[in-house]
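[1] the amino acid sequence is not available; the structure is as follows:
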């Protein structure tokens with residue numbers, strides 16, 4: 001078993017990064033999990049930041065949302081919606097054919 005020397009390192013995020021993450025997660029139809037995954041952070045961390053903004057602990061103006069960011073979020077929502085529909089259709093066809101459904 002490997003030993004660690006010294007205390008564990010904790011990544012520090014800038015106020016701008018936190019506010020941008022909260023701003024992205026506040027977009028309609030966007031899931032916290034998807035934003036967290038795209039930023040390589042844990043969804044719980046993003047939820048904490050969202051609560052801190054609501055409670056006034058994190059304050060500031062996030063940089064404006066760029067048009068390409070909004071377009072990418074919309075594209076992600078569309079792809080996820082299409083994927084869910086296709087997955088339901090696939091599972092229905094599998095049931096009808098008598099084969100076990102795929103796990104996803």
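    Now that the structure is in, tell me what you want to look at. It should be emphasised that the depicted structure is a prediction, and the values quoted were computed from it without experimental measurement. Numbering: from 1, shown residues only.

[2] shaky segments in the chain?
    Where the chain drops to pLDDT under 70, the residues are 1-9, 99-102, 104.

[3] mind listing what's buried in the host helix or strand of residue 87?
    Following DSSP states H and E, one finds residue 87 within helix 67-97. Using 16 or more other C-beta atoms under 10 Å as the test for burial, helix 67-97 gives 73, 76, 77. (Each C-beta comes from the backbone N, C-alpha and C, glycine too.)

[4] same deal with stretch 22-34?
    Buried residues in stretch 22-34, counted by 16+ other C-beta under 10 Å: 22, 23, 24, 25, 30, 32, 34.

[5] same thing with stretch 57-69?
    58, 62.

[6] can you name the residues in contact with that stretch?
    Defining contact as C-beta atoms under 8 Å, 6 or more residues apart in numbering, one finds that stretch 57-69 is touched by 15, 16, 18, 19, 20, 22, 23, 24, 27, 49, 52, 53.

[7] in CSV: those residues, plus secondary structure.
    Formatted as CSV, those follow (DSSP: H, G, I helix; E, B strand; the rest coil):
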residue, secondary structure
15, helix
16, helix
18, helix
19, helix
20, helix
22, helix
23, helix
24, helix
27, coil
49, helix
52, helix
53, helix
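
[8] closest one of those to residue 93?
    residue 27 (33.3 Å; C-beta to C-beta).

[9] for the closest one, what are its contacts?
    65, 70, 73 are the contacts of residue 27 under C-beta under 8 Å, 6+ apart.

[10] in TSV: these, plus distance to residue 83.
    Shown next, in TSV, are the contacts of residue 27 (distance: C-beta to C-beta, whole Å):
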residue	distance to residue 83
65	24
70	20
73	16
